[in-house]
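Visitor: okay, here's the prediction I keep looking at, along with the sequence it came from:
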Amino acid sequence: MSDEEDEVDDEKGGEEAEESEGSEKAEDGGGSKKKLFIIIGVVVLLLGGGAGAFLMMGGEEAPPEVVVIPPGPPVYHEFPQMVLDLKKSGKRANYIKLKVVVEIVTRDLPLLQAKELKITDKIQSYLRSQTRADVAGGEGTERMRDGITHIVKEVMGDVKTEGVLFREILLQ
């Protein structure tokens with residue numbers, strides 16, 4: 001054989017090799033497309049299943065958890081000492097010196113401390129409207145305790161006040 005014939009045979013062999021590679025590529029390309037469609041189908045099914053499960057549950061959220069803080073033991077909060085004049089009932093002015101202590105549960109103490117100024121102001125207004133006879137003696141002390149308890153409950157709202165105590169009462 002001559003060199004020319006070898007070249008022709010090589011060209012034919014090369015074309016046959018390219019055709020066989022092309023047919024393999026065509027088969028792989030078809031297989032790759034099938035794999036791609038299967039993967040896409042699985043993804044669509046998973047997303048559809050998740051959405052269906054969510055809708056079947058009605059999209060309802062779980063009710064929020066209510067955290068209940070235990071009230072804790074009672075604590076005593078002492079208000080600053082108050083010295084004020086009582087309502088005049090005669091010529092002489094009368095004064096009262098008072099230290100009020102409020103018994104409240106531990107949980108509500110920060111709220112009481114935050115509203116201390118408002119409570120003190122209302123107690124002072126209440127006492128300035130009282131005469132010496134209104135606050136003197138055991139009955140007067142109990143009326144004063146009831147009045148101050150009412151003020152604390154009014155300012156504090158739903159918070160339970162255990163009691164109002166007097167550390168010091170001085171009438172002059």
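Guide: Received, thanks.

Visitor: you'd agree residue 135 is up against residue 127?
Guide: Yes: between residue 135 and residue 127 there is a contact under CB atoms under 8 Å: 7.4 Å. C-beta: built from backbone N, CA, C; applies to glycine.

Visitor: residue contacts, residue 160?
Guide: Applying CB atoms under 8 Å, 6 or more residues apart in numbering, one finds that residue 160 lies in contact with 71, 104-105, 108.

Visitor: check residue 104 too.
Guide: 74-75, 77, 112, 159-162.

Visitor: can you tell me which of those residues is nearest residue 152?
Guide: Ranked by distance to residue 152 (CB to CB), those are led by residue 161 at 5.1 Å.

Visitor: who does the closest one bridge with?
Guide: residue 104 (DSSP bridges).

Visitor: that one and residue 94: what is the separation?
Guide: Distance from residue 161 to residue 94, counting by CB to CB, to the nearest Å: 28 Å.

Visitor: could you do residue 31 as well?
Guide: Note on residue 31: its distance to residue 94, by CB to CB, is 106 Å.

Visitor: now do residue 170
Guide: Where residue 94 is concerned, residue 170 sits at a distance of 11 Å (CB to CB).

Visitor: who's more crowded, the two?
Guide: When residue 170 is set against residue 94 and neighbours are counted by other CB atoms under 10 Å, the residue ahead is residue 94, at 19 against 10.

Visitor: quick one, phi psi at that one?
Guide: Backbone dihedrals for residue 94, given as degrees, to the nearest 10, come out at phi -110, psi 140.

Visitor: what's the answer for residue 71, then?
Guide: Here is the backbone geometry of residue 71 (degrees, to the nearest 10): phi -60, psi -30.

Visitor: show me how the record splits this protein into domains.
Guide: Residue ranges for the structural domains of the chain, counted by automatic domain parsing, are given in the record as 1-67, 74-171.

Visitor: tell me where the chain has helices.
Guide: Listed in chain order, the helices found in the chain under DSSP state H are 3-56, 109-114, 116-128, 132-135, 137-156.

Visitor: low-scoring stretches of the chain, by residue?
Guide: 1-30, 53-63, 67, 69 (pLDDT under 70).

Visitor: quick one: residues contacting the closest residue to residue 149 other than its chain neighbours.
Guide: Excluding its sequence neighbours, the residue lying closest to residue 149 (CB to CB, 6 or more residues apart in numbering) is residue 164, at 4.8 Å. If a contact means CB under 8 Å, 6+ apart, then residue 164 has 100-103, 145, 148-149, 152 as its contacts.

Visitor: separation between residue 164 and residue 103?
Guide: 8 Å.

Visitor: narrow the contacts of residue 164 to just the buried residues.
Guide: With burial judged by 16 or more other CB atoms under 10 Å, the buried subset of these is 100, 102, 148, 152.

Visitor: with that, I have no additional questions.
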